[in-house]
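In: generate coordinates for the sequence data below:
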Amino acid sequence: MTIGYPTIKLSNGVEMPILGLGTWQSSPEEVKNAAKEAIKAGYRLIDTAMIYGNETQIGEALKECIAEGIVKREDMFITTKNWVTHLHPEDIEGSLRESLKRLQLDFVDLYLSHAPTARKKDLSGQDHTLKVEENWKGMEAVYRAGLTRAIGVSNYSTSQIERVMKIAEVPIHNQQIELHLYWPQIEQHETCKKHNISLTSFSTLGSPGRKTWVRPDGSVSNYDDNVPADMDDPFVQELAKKYNKSPAHILLRWAIERNIAVIPKSVTLSRIRDNFNVFDFKLTDDEMKKLNNPLHKHRLFMNEPMTGHPEDSLVEERKK
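Out: This is a model prediction of the structure:
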């Protein structure tokens, strides 16, 4: 892979760009132009998912950029995710092949299990029959079949990571989790480093658009409007002035310097270009230490649909 900015080397040797375009909440009507603009701006990682409903448009954008000579397929890194209705081993390959068809690709670069909690295919309720270890065996199968260059998980707890790694023949290559200044995931990061698992952060900027999100089943999460916003943090504001950068730049740079991949979402073309401007400055060790011990700590996404499931990764947090 030849790109103009840093990569993270996964445990199987695959190189993953450290900065990408996130597409959660990006509508099919908007995401094609956003993806094309990102590629033109230099992005080489695009993150999507079966449930986002925008794989088709991302595939169109990628195909057009390749045809126009803007980028080569081998320089792009495409991540998609298998939804909770298709976590059983016998369902994974078919689900991935459908994603590949929509993306117009022969393989993806990273395929993730979107969550540890299986649901019935019609979304009528939870499916309690599947353990994360069994799901992982299905993920290993699509990796061996060459349908993806790497495999991983998303929204897993530290204990679930440990359980999977105990039985894994192919190790977890990446874990994607909520990770931002006010939820720094230090313990989870240490566990992943121990197993040579790379991390991808979602909501690195504090997910300002989360309150307008409607779930696939039509429900809306109950968010606490009174939680402090990461971008309003006084020290982040101070650093933004010092480096003549935006608070968003500081938050992205903080995660990047922890060697964590970031995937800020935007469909605003100017913001997509601006988010890329994080490689021309570096935070000091003292600044990183202070950012790693923030004024507040709170999770933004409690993933209420997982509640009551035997594989609920947040069960311990719900007890507090």
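In: dihedrals phi and psi, the nearest residue to R299 once chain neighbours are set aside?
Out: Once flanking residues are discounted, R299 sits nearest to W183: 5.3 Å by C-beta to C-beta, 6 or more residues apart in numbering. The C-beta positions use only the backbone N, C-alpha and C, and glycine is treated the same way. In terms of degrees, to the nearest 10, the main-chain angles of W183 are phi -150, psi 70.
In: quick one: W183 from G59, how far?
Out: Counting by C-beta to C-beta, to the nearest Å, the separation of W183 from G59 is 32 Å.
In: same thing with K290?
Out: Taking C-beta to C-beta, one finds K290 at 42 Å from G59.
In: who's more crowded, those two?
Out: Just comparing K290 and G59: by other C-beta atoms under 10 Å the higher neighbour count belongs to G59, 21 against 14.
In: pretty sure the more buried one is touching L105, no?
Out: Yes: counting by C-beta atoms under 8 Å, G59 touches L105, with 6.8 Å between them.
In: and the strands in the stretch 51-200 of the chain?
Out: When assigned using DSSP state E, counting those that start in this stretch, the strands of the stretch 51-200 of the chain occupy the ranges 77-82, 110-113, 151-154, 174-178, 198-202.
In: closest to L45 out of the ones you listed?
Out: Minimum separation from L45 across these (C-beta to C-beta) falls at strand 77-82, 4.5 Å.
In: residues making contact with that closest one?
Out: 1, 15-17, 20, 44-51, 55, 58, 62, 92, 95-96, 99, 103, 105, 108-114, 154, 176, 200 (C-beta atoms under 8 Å, 6 or more residues apart in numbering).
In: let's go with 6 Å and repeat that
Out: 16-17, 44-49, 92, 95, 99, 108-110, 112-114 (C-beta atoms under 6 Å, 6 or more residues apart in numbering).
In: same question, stretch 25-41
Out: 21, 23, 46, 54, 57-58, 60-61, 65, 70-71, 209, 213, 267, 269, 272-273, 276.
In: again, but for stretch 187-204
Out: Contact with stretch 187-204 is made by 8, 10-11, 158, 161, 165, 172, 174-176, 178-180, 251-252, 255, 260-262, 300, as judged by C-beta under 6 Å, 6+ apart.
In: next up, phi/psi of the residue of the chain most remote from its centre, please.
Out: The centre of the chain is farthest from one residue, K242, which by C-alpha atoms, centre = their mean lies 29.3 Å away. Main-chain dihedrals, K242, degrees, to the nearest 10: phi -60, psi -40.
In: and it, how far is that from R253?
Out: According to C-beta to C-beta, K242 and R253 sit 12 Å apart.
In: for I263, give me its contacts.
Out: G20, G22, D47.
In: name the nearest residue to it, ignoring sequence neighbours.
Out: G22 (3.7 Å).
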